[in-house]
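Student: Sequence unavailable; structure follows:
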């Protein structure tokens, strides 16, 4: 009993010491949770809802397949919870990342016959083109009526992927073969992008293949889409039901993830998408012939300017004032540009499919657009001002400041003004079938676009669709003008291109090459869908928020670097805390030290430290407000707020630099030294006392109870 009475106080002393340490750790963790991304060096989050509408996946479609929407939602949330888009011209990921909110639901939960209604619509517009191939035009009134009337209208205007699982035998009836879709008579496909905010995939149509014949990257083969016939055969072979085949659900999940990356949360074309109140678009044609005039309306070679103006105005904010000016020049009148055209001709070896489906080696000429852009960049403003002189002299003063200037002085534009020239080279004297690099007649940089027009209406390019080669009409350039302005003004990327951080380059994927969009050889329209209108509003806001976050982080890094230089102790017991990424959090740590009245460490005054910290807190709040506006599709106030955020961040950066300079002056009289003297904190003191108490108790116990007696032994007589 006496032993227990002696050790019991030591036991409680030990528990008290560790309870204090645990309380301290919990308090520090709670302090860290108070702050958000700027203080913890994390990307800013931009929520984005993704709707996945399932039609025919509740037992009423092909093979009676039941898709577990809860499991699909769980898989998507785990495998692709967020994504940081890349800036293609810099190959850098943004510091703003999409945070996905998936809404997976059976659209036919209340309308069990919905898939039958769709099957009837497809059957009504099927046309037999070749043997065992039936084609349905996706823009057919019957198909459009199904989506506009039968489907949930609210979700059709949002980011929605509609997955269809009709029964092919009910569509084709007694006919044998396959059916595919075209969009505005474009390429054959089993999926397409609509004119609104949704995209469509039909699981039982096809199969089909499309892509580039000379490069395997991005080619869409039959295995890229789930095929119900193959999965039914596989499930039957292994003796399970189709609903229990995990491979099929994994394939569906992979399809949705690729769609999110390529369509709904794509990369951004350019880093600096400036908010411009005044936009001048000079469309300048250089021609080396007199065969036709692209500005004469009503011909296959005509440039449709009314359509271009109507479509481009869709992607502009209400306060933007855009002016188009057009011009026609003989190439021979511009010697340096004419020489640049001749210098830009290159030759490339590629593989093309012949009429019997075999590939053959072909040497083809092409124009290197970079040579033309380099030459045109030096004279773009002068060419634009020359066009304004001819058409509207008053616009000259509207878009340029220093009109009366020496020739060697560069033209200056007012604030919030952009000049985006489009150069069209209408050439007939070059080798037949010539294109620009990558078999495209459109290339653009951040501030201009170059388009090639020839008199060839059927140029064979190294692409294929199903078993046939693809041809390009080089006379029609209206589509290219719309696509270039969509990228230059809205930062929209061709939905077949994305940046791969693994390969460190832009990679193709032709899964979403067909539909209501003006990009690529598989699209057959120059119109802009509602989805791309939304992207053109969202991308400039996102790019400005990315710029704001990066500026704020560089300012924080500057302040933390200064604090590290002046208060970092290499001999501290808290060495692990001082090393690594925690060095980025000096400002936050010192602010909380001040709140605990511990001001011994900071070189800043308490007022300066408080201002630096609170300015960052305010920045986080307005960044979160901008994120919320984008999530609610309120792009106009979000754009105005993003512009003001840039101003606020620059003001914070200026204030931080000023405070560092002032503090450095105050510290000029001092010299920083490090000592090896160590100070023990309270917990360490308790532990040392505990060890000493245990040792002393052991010694005392030994002498009181265990040590043998020293008295001399007694002997009996």
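Tutor: Received, thanks. Owing to the predicted nature of the structure, the values given are computational and were not obtained by experimental measurement. Numbering: from 1, shown residues only.

Student: use CA for all of it now, contacts and neighbours both
Tutor: Will do.

Student: Tell me which residue is most central in the chain.
Tutor: In the chain, the residue lying closest to the centroid (Cα atoms, centre = their mean) is residue 85, at 2.5 Å.

Student: Isn't that residue up against residue 99?
Tutor: No. Because the distance of 11.4 Å does not satisfy Cα atoms under 8 Å, residue 85 is recorded as not touching residue 99.

Student: list the contacts for the nearest residue to the residue nearest to the centre of the chain once chain neighbours are set aside?
Tutor: With sequence-adjacent residues excluded and distances taken as Cα to Cα, 6 or more residues apart in numbering, residue 85 is closest to residue 267, at 4.7 Å. With Cα atoms under 8 Å, 6 or more residues apart in numbering as the criterion, the residues that contact residue 267 are 85-88, 492-493, 498-499.

Student: Show residues contacting stretch 517-536.
Tutor: So stretch 517-536 is contacted by 157, 159, 183-187, 193-198, 311, 314-315, 470-472, 478-480, 482-483, 486, 489-492, 494-495, 513-516 (Cα under 8 Å, 6+ apart).

Student: Contacts only, for residue 105.
Tutor: 51-54, 69.

Student: will you turn those into JSON lines that also has pLDDT and secondary structure?
Tutor: As requested, these are arranged in JSON lines below (pLDDT from 0 to 100; DSSP: H, G, I helix; E, B strand; the rest coil):
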{"residue": "51", "pLDDT": "94", "secondary structure": "strand"}
{"residue": "52", "pLDDT": "96", "secondary structure": "strand"}
{"residue": "53", "pLDDT": "94", "secondary structure": "strand"}
{"residue": "54", "pLDDT": "95", "secondary structure": "strand"}
{"residue": "69", "pLDDT": "95", "secondary structure": "helix"}
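
Student: Which of those sits closest to residue 40?
Tutor: Set against residue 40, the nearest of these by Cα to Cα is residue 51 (30.9 Å).

Student: and that closest one, bridged to which residues?
Tutor: Residues in a beta bridge with residue 51, per DSSP bridges, are residue 103, residue 160.

Student: What is the neighbour count of it?
Tutor: Residues within reach of residue 51, counting by other Cα atoms under 10 Å, total 19.

Student: swap in residue 654?
Tutor: Each residue near residue 654 was counted by other Cα under 10 Å, and the total is 12.

Student: buried ones in stretch 240-252?
Tutor: Within stretch 240-252, the residues that count as buried by 16 or more other Cα atoms under 10 Å are 242-243, 248-249, 251-252.

Student: With adjacent residues omitted, what lies nearest to residue 150?
Tutor: Counting by Cα to Cα, 6+ apart, residue 114 is the residue found nearest to residue 150 once chain neighbours are left out, at 7.6 Å.

Student: That neighbour contacts residue 108, doesn't it?
Tutor: Yes. A contact is recorded between residue 114 and residue 108 when judged using Cα under 8 Å, the distance being 5.8 Å.

Student: Need the contact partners of whatever helix or strand residue 336 lives in.
Tutor: In this structure, residue 336 is located in helix 335-343 according to DSSP states H and E. Helix 335-343 is touched from outside by 331-332, 367, 371-372, 375-376, with contacts defined as Cα under 8 Å, 6+ apart.

Student: Using JSON lines, lay out these together with neighbour count, distance to residue 37 and pLDDT.
Tutor: Below are those laid out as JSON lines (neighbours: other Cα atoms under 10 Å; distance: Cα to Cα, whole Å; pLDDT from 0 to 100):
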{"residue": "331", "neighbour count": "20", "distance to residue 37": "54", "pLDDT": "92"}
{"residue": "332", "neighbour count": "14", "distance to residue 37": "57", "pLDDT": "91"}
{"residue": "367", "neighbour count": "24", "distance to residue 37": "46", "pLDDT": "94"}
{"residue": "371", "neighbour count": "16", "distance to residue 37": "43", "pLDDT": "92"}
{"residue": "372", "neighbour count": "20", "distance to residue 37": "44", "pLDDT": "92"}
{"residue": "375", "neighbour count": "15", "distance to residue 37": "44", "pLDDT": "87"}
{"residue": "376", "neighbour count": "19", "distance to residue 37": "43", "pLDDT": "87"}
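
Student: Tell me how many other residues surround residue 429.
Tutor: Residue 429 has 11 neighbours, counted by other Cα under 10 Å.

Student: May I have the secondary structure class of it?
Tutor: Secondary structure state of residue 429, per DSSP: H, G, I helix; E, B strand; the rest coil, is coil.

Student: Can you tell me the number of residues neighbouring the residue nearest to it when sequence neighbours are not counted?
Tutor: With Cα to Cα, 6+ apart as the measure, residue 288 is the residue that lies nearest to residue 429, at 7.1 Å, once sequence neighbours are left out. Using other Cα under 10 Å, residue 288 has 17 other residues around it.

Student: List the contacts of the residue nearest to residue 150.
Tutor: 55-56, 108, 150.

Student: Now list the buried members of these.
Tutor: For the contacts of residue 114, burial is judged from neighbour counts taken by 16+ other Cα under 10 Å, and it is met by 55-56, 108.

Student: Point out the least confident one among those residues.
Tutor: By pLDDT, residue 108 ranks lowest within those, coming in at 90.

Student: tell me the SS of that residue?
Tutor: At residue 108 the chain is in coil, as set by three-state DSSP.

Student: Give me the mean pLDDT for the lengthiest helix in the chain.
Tutor: Of all the elements of type helix in the chain, the one with the most residues (DSSP state H) is helix 530-567. Looking at helix 530-567 alone, the average pLDDT works out to 89.

Student: tell me how far it is from the chain's mean position?
Tutor: When distances are taken as Cα atoms, centre = their mean, to the nearest Å, helix 530-567 is centred 15 Å away from the chain's centroid.

Student: Pull out the buried residues from that helix.
Tutor: Of all the residues in helix 530-567, those buried under the rule 16+ other Cα under 10 Å are 530-553, 555-564, 566.

Student: that older thread, turn the contacts of residue 114 into TSV, including secondary structure and distance to residue 259.
Tutor: Listed next are these as TSV, based on DSSP: H, G, I helix; E, B strand; the rest coil; distance: Cα to Cα, whole Å:
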residue	secondary structure	distance to residue 259
55	strand	17
56	coil	20
108	coil	22
150	helix	23
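
Student: okay, among these, which ones form the most distant pair?
Tutor: With distances taken as Cα to Cα, the most widely separated pair in these is 56 and 150, at 13.7 Å.

Student: Contacts only, for residue 80.
Tutor: 100, 257.

Student: can you tell me how far it sits from residue 46?
Tutor: With distances defined as Cα to Cα, to the nearest Å, the gap from residue 80 to residue 46 amounts to 14 Å.

Student: Check residue 371 too.
Tutor: Residue 371 is 39 Å from residue 46, where distance means Cα to Cα.

Student: what's the closest of the contacts of residue 114 to residue 258?
Tutor: When the contacts of residue 114 are compared for distance to residue 258 (Cα to Cα), residue 55 comes out closest, at 19.6 Å.

Student: wait, doesn't the closest one sit right on residue 111?
Tutor: No. The criterion here is Cα under 8 Å, and residue 55 misses it with residue 111 at 9.8 Å.

Student: Residues that sit against both of residue 114 and residue 108, list them.
Tutor: 55-56.

Student: TSV for the contacts of residue 267, including distance to residue 303?
Tutor: TSV is the format used below for these (distance: Cα to Cα, whole Å):
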residue	distance to residue 303
85	34
86	33
87	31
88	29
492	22
493	23
498	30
499	32
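
Student: Since that was my last question, I'll sign off now.
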